[in-house]
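Peer 1: Any chance you could fold what I've pasted below:
(one chain, ligands or ions: 2)
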Amino acid sequence: MIDSVSISAINNPIPKYLFPPQPKSIQQKQKQQEVAKERHMMKPSSGAPIILFQALVALSLAGLSVSKDFDFFYFVQQWPGSYCDTKQSCCYPTTGKPAADFGVHGLWPNYNDGTYPSNCDSSAPFDQSKVSNLITTMQKEWPTLACPSGNGVTFWSHEWDKHGTCSEEVLDQHSYFARALGFKAQTNILQALKTAGIRPDGGSYSLSSIKSAIQSGVGYTPFVECNTDESGNSQLYQVYLCVDNSGSNLVECPVFPHGKCGSQIEFPSF
Ligand code: 5GP
Ligand code: 5GP
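Peer 2: Ligands and ions are numbered 1, 2, ... in the order given. Next up is the predicted model:
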């Protein structure tokens, strides 16, 4: 018999807590609306008091600096088979071998010109207690494969310190990890590839078929990054999708990273 929990899981496979309300961004939106209103109301009247003008300029700059911190996020997922079959090899996490699925690498704030901010706030280190209700899902969906074996905290801390601290204006620490997990659940890349007959079987597939399978399944154009296995074969390593700068929705990428795959690439097993 199917209980009500399973039914709600079927109807709503992405847990609600992964997309919590965002009081901060709502405040920012209201602030930007206020700034826009003020701008609209500002008429070039010579009698307008200078102090009011200065106050409006200051308010506009405050609004602009919030929205100009970065332009979008890359949401990056890695194929564990391609991390592990390289010269450097890998180590399974202390929690055991991860599932044969793409894992989250990170959610990275980026600028439209291709550059990106990093390590923006050393006063806000990763704090496991802020994400305690996400840890089990992170172990599953965001496993670490670096050596020596770890429980994930080093990887997650690195991602938070380097990238997450640059989007604190829109995503606090809990929201940062929850959103990334939400996008992982929303973009089932492996399923999209399998639907197109592309499987992690060590076979060789055309890059264009991989891209169009992900485009069809997810609805957005991916960037595919390759690395090379021990014999030097080009293989599917990471998939980049883009998210708007409020961290809410997938968008088409304003710019793609550089890097080349062969026109035929391998999809190794894991
Ligand atoms: P790699 O040099 O191996 O491509 O990247 C090393 C690290 O630099 C990545 O894991 C990521 O933290 C950062 N990085 C590389 N390329 C980009 C990019 O285009 N945008 C952002 N935001 N970070 C990047
Ligand atoms: P990034 O390339 O994001 O700047 O840095 C990745 C860092 O996280 C590296 O120091 C790398 O050793 C560590 N790391 C830990 N686990 C993983 C993993 O599963 N994949 C990748 N790409 N890096 C990992």
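
Peer 1: Could I get the full set of strands for this protein?
Peer 2: Ranges of strands within the chain are 72-78, 103-110, 203-206, 223-228, 234-244, 250-251, 264-267, based on DSSP state E.

Peer 1: Which elements pack onto the fourth one?
Peer 2: So the one you mean is strand 223-228. helix 207-218, strand 234-244 (3 or more CB pairs under 8 Å, 6 or more residues apart in numbering; DSSP states H and E). Bear in mind the C-beta positions are built from the backbone N, C-alpha and C, glycine included.

Peer 1: Just want the angle from the last one to strand 103-110.
Peer 2: Which is strand 234-244. Counting by axes from the mean of the first three to the mean of the last three CA atoms, to 10 degrees, strand 234-244 lies at 50 degrees to strand 103-110.

Peer 1: buried set for strand 234-244?
Peer 2: Within strand 234-244, the residues that count as buried by 16 or more other CB atoms under 10 Å are 234-243.

Peer 1: Out of the helices and strands packed on strand 223-228, which gets nearest to Phe183?
Peer 2: strand 234-244 (6.5 Å; CB to CB).

Peer 1: how far is the closest one from where the chain is centred?
Peer 2: 10 Å (CA atoms, centre = their mean, to the nearest Å).

Peer 1: Can you give me every residue that contacts Thr154?
Peer 2: 144, 146 (CB atoms under 8 Å, 6 or more residues apart in numbering).

Peer 1: again with Thr228
Peer 2: For Thr228, the contact set (CB under 8 Å, 6+ apart) comprises 86, 234-235.

Peer 1: now the stretch 1-150 of the chain, which segments are flagged as low pLDDT?
Peer 2: Applying pLDDT under 70 to the stretch 1-150 of the chain picks out residues 1-68.

Peer 1: need the residues of it near ligand 1, please.
Peer 2: Residues of the stretch 1-150 of the chain that fall close to ligand 1, judged by CB under 6 Å from any ligand atom: 74, 108, 110, 116.

Peer 1: pretty sure Asp244 contacts Val251?
Peer 2: Yes. Under the criterion of CB atoms under 8 Å, Asp244 makes contact with Val251 at 4.9 Å.

Peer 1: Mind listing the shared neighbours of the two?
Peer 2: Common neighbours of Asp244 and Val251 (CB under 8 Å, 6+ apart) are Phe72.
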